[in-house]
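> Quick check, what structure comes out for this input:
(2 chains)
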Amino acid sequence: MKRMKLLSMAALVFVMLVVSACGNNANNAGSGNSGGSGQSGSNEGEKDITITMMVSGNRASEGEDFEMDVLPRLVKEKFPNITLEVQKLPDDQYNTSIRTKLAAGQGPDIFTVFPKNSTSGVNDFAKANFLADLSDLTFWDKIAQGAKDDMSYDGKTYAVTKGSSYLGTYYNKEMLESVGVTEFPKDWTSFLELCQKLADAGITPIVMGDKDPWVIQFGMYQIAANVVYPGEMDFDEKLQRGENALTDERWVSAIEKYGELYKKGYVVKNSLGIGSAQANQLFIDGQAAMIFTGTWDAPSLTSQGAADFTRGFDSLPGNNAGDPVYVSAATSAGYGVNAKSKYVNEVKAILNFWFDGESELFKSFNDHNTDISVYEGVELNNELFATLHENYSTTGNSVYFSNQMWPSGVSDVMQAKFAEIIGGRGISGADVAKAMYDKFKELWKN
Amino acid sequence: MNSTVMKKSLYLFAVPALIFYLTLWIFPILRLFQYSITDYNGYLQNFNYIGLDNYASLFQGELLGVALKNTLIYTIVSVGLSIVLGLGLAMLLNLKLKGKGVYRSLAYIPTLFSAIVVGFLWSYVYMPDYGMIATFLDKIGINADLNFLGSYSSALYAIIFVEIWKNVGTTMIIFLAALQTVPNELLEAGKIDGCGPWRLFAKIKLPLLATAMTINVTLSIINGLKAFDYPFIMTNGGPGTATNTLIYAIYKMAFTEQLFGKASALGVISFGVIIIITAICVTLMNKREVSA
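Model prediction:
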């Protein structure tokens, strides 16, 4: 009898829980709709509101952080009734946290969205109806079409990108000159020759922090841009339709080319035991001549280390002599708006002000932006990227980062398997490609 | 009010606690079982039920085997060494030494740091060529080519060592506390009967430490089977999959590959493994416990 009573009480509690959970959902949906329709931009005399924003990245190491300090202040100046609360999390935590929050209906009003199929990418979020349609913002004609397309899904644009980024090779000019190389190589053979010369002179040619496995992508995608995609720029669309495979000989060849750098001992020995921050430090301390990474690492790679030297930045040339060098360039993360936000129109007003091309907020954004601007008329703000940027903008030879067209998870398998090549575990490029393709087939659902 | 009604109404007072328990503990666990038979990706609510496909693909793939093997090695080595070292330290610090309190505190200090801090520090200690160990060996003229975290054969043991370094303080404290409860009369009786230090330890102290042993072994086993912090902070499960443990594999599967369903299935399997191993150990050790 007692047991019956206890059980029925537990059952009652359970039912109450389920019912209240359903009720919550209904409430959310209701408030979301009302928020989306009736509101206009923020006028004087309107009630005070707080807009929440969650972005990925690390706080600026010195001075004011744009998103955390400048943005809330300048938004407050323009819209006195709006308080912007900003939270910034490192990429990994961000990706975990944002999806959980959005799934629970507790997402922030503005949040970082990555292009295409990346983790926390626009495709996934748009499919799940988490993002508000931003096609009616006023400044789209000022943003490069490609950058807009990368933030669109099914014909609607869902996020405003911060710009674009390049993958490249940071190099120590004086070290290259010390072995008689004054111009960065423009094809694979000359690149290998450069590495050999450096190695012969007792200089570590390349340092990579492969203990943080994602850095394996930084060299790999640059080579893939020159080996896999030229001649078939729609390789990945075909892959998604099942007409191409990652076991294609071009991918195998790209993987083996990158592996060659390790087999020949051009990459610092024991790279699997060095983290990415440690590798950056070794580069600025003058312990190695080159490092593969992206434009986003410029602040850390141009900071003062134990050695004084001039930095250069150019594409890792995976191409054969005589072929053009393709730049590995991709649209950077940007800002999307929560479809369930009560303040969609207010956020749109903020974005229109932010990217109007003349406001103090716009100027400050460009000053702080570490990405290459895709906004009409904004000059390149870092001379270091000039050579690569010129190749990109004059020839148009560029390929996005391959993982943007893969479901997230494929690049992890690529890294884990490629680490076995680095560790000399006797596997081939074809084995890596096969593992990548198996994971792709497991994860790709369309 | 008669006492039967009174007794029954007392159950009502358990309701608030029961609600918390059910919502925050039982309900999520049941959902884990539910998700494990779906293709849920972590946020799209229109998932499909796919039967035991997740389990089948886990048992066919190589990940489960690798993660299970790594986790078991992690557990066995860390339990064994931390018990031996913890007991050794406790015995040592139970002697009549000058400044005993200082040594006890020093041995306990690593436990106070967060895993993030410890992992970060040790990745610099282990760094090849430029790390603390490499620099030290270089200074004393040994030119060893060490790559603790980057080598397939040593990475797992390198992070196990950090785990032990951090947790040995806790093990020691529990043993130390238990050593205080060993009655002096028994030790004296032993001495009178002609026991040397070794027999005093093996025949009197050790049996009386059995309860502390059960606690320490159980805690270390659970800790080892749940290993996540150091693979996550120090090696990202690498090189390759050399330090990929069950819990780390679940995390990667759920949050990187967005296979929440499959990750839940792996969670259910890990849940089973942890329960079985812990239950066996606790039962075995309970039988051996004695009291003074």
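
> Got phi/psi on A:Trp188?
phi -60, psi -40 (degrees, to the nearest 10).

> burial count for it?
Residue neighbour count, defined by other C-beta atoms under 10 Å in any protein chain shown, stands at 21 for A:Trp188. Using the backbone N, CA and C atoms, a C-beta is placed for each residue, glycine as well.

> isn't it right up against A:Asn319?
Yes: contact status for A:Trp188 versus A:Asn319: in contact at 6.3 Å, counting by C-beta atoms under 8 Å.

> shared neighbours of the two, anything?
Common neighbours of A:Trp188 and A:Asn319 (criterion: C-beta atoms under 8 Å, 6 or more residues apart in numbering or on different chains): A:Asn226.

> mind saving the C-alpha coords of the helix or strand of chain B with the lowest mean pLDDT as CSV?
Every helix and strand of chain B was ranked by mean pLDDT, DSSP states H and E. The lowest is helix B:3-10, at a mean of 78. This file holds the C-alpha atoms of helix B:3-10, laid out as CSV (Å, rounded to 0.1, in the frame of the first residue of the first chain):
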residue,chain,number,x,y,z
SER,B,3,-0.2,7.8,14.3
THR,B,4,-0.9,5.9,11.0
VAL,B,5,-2.0,9.1,9.3
MET,B,6,0.8,11.0,10.9
LYS,B,7,3.3,8.4,9.5
LYS,B,8,1.8,8.6,6.0
SER,B,9,1.8,12.4,6.0
LEU,B,10,5.5,12.4,6.8
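
> So it, near chain A or not?
Yes: looking at helix B:3-10 against chain A by C-beta under 8 Å from any C-beta of the partner chain, the contacts come from B:Lys8.

> Give the other helices and strands that that helix contacts.
For helix B:3-10, there is no helix or strand it packs on, judged by 3 or more C-beta pairs under 8 Å, 6 or more residues apart in numbering or on different chains; DSSP states H and E.

> How far off centre is the helix or strand following that helix?
Downstream of helix B:3-10, the next assigned helix or strand under DSSP states H and E is helix B:15-21. Centre-to-centre, helix B:15-21 and its host chain are 29 Å apart (C-alpha atoms, centre = their mean, to the nearest Å).

> Enumerate the positions of helix B:15-21 that are buried.
Buried residues in helix B:15-21, counted by 16 or more other C-beta atoms under 10 Å in any protein chain shown: B:Leu18.

> Can you name the residue of the stretch 1-150 of chain A nearest to chain B?
A:Ala103 (3.8 Å; C-beta to the nearest C-beta).

> Show the contacting residues for the closest residue in space to that residue that isn't next to it in sequence.
Once flanking residues are discounted, A:Ala103 sits nearest to B:Tyr43: 3.8 Å by C-beta to C-beta, 6 or more residues apart in numbering or on different chains. B:Tyr43 sits next to A:Arg99, A:Leu102, A:Ala103, A:Ala128, A:Phe130 when contact means C-beta under 8 Å, 6+ apart.

> what's the burial count for the second one?
This means A:Leu102. By other C-beta under 10 Å, 23 other residues sit near A:Leu102.

> With the last one instead?
Residues contacting A:Phe130 under the criterion other C-beta under 10 Å number 27.

> quick one: A:Ser393 from chain B, how far?
Computed as C-beta to the nearest C-beta, to the nearest Å, the A:Ser393 to chain B distance reads 34 Å.

> Likewise for A:Tyr326?
From A:Tyr326 across to chain B, the span is 28 Å (C-beta to the nearest C-beta).

> again, but for A:Leu443
6 Å.

> contacting residues around residue 103?
You didn't say which chain, so I picked chain A. B:Gly42, B:Tyr43, B:Gln45.

> wait, I meant chain B there
Counting by C-beta under 8 Å, 6+ apart, B:Tyr103 makes contact with B:Leu93, B:Leu97.

> Just send the contacts of B:Tyr43 back as CSV, with secondary structure and pLDDT too.
Putting the contacts of B:Tyr43 into CSV (DSSP: H, G, I helix; E, B strand; the rest coil; pLDDT from 0 to 100) gives the following:
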residue, secondary structure, pLDDT
A:Arg99, helix, 87
A:Leu102, helix, 91
A:Ala103, helix, 86
A:Ala128, coil, 88
A:Phe130, coil, 93
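
> These into TSV, with extra columns for distance to A:Asn338?
As requested, the contacts of B:Tyr43 are exported to TSV (distance: C-beta to C-beta, whole Å):
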residue	distance to A:Asn338
A:Arg99	13
A:Leu102	7
A:Ala103	12
A:Ala128	12
A:Phe130	7
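
> so how many other residues sit close to the residue in the stretch 101-250 of chain B that chain A sits nearest to?
Residue nearest to chain A within the stretch 101-250 of chain B: B:Gly150 (2.8 Å; C-beta to the nearest C-beta). B:Gly150 has 27 neighbours, counted by other C-beta under 10 Å.
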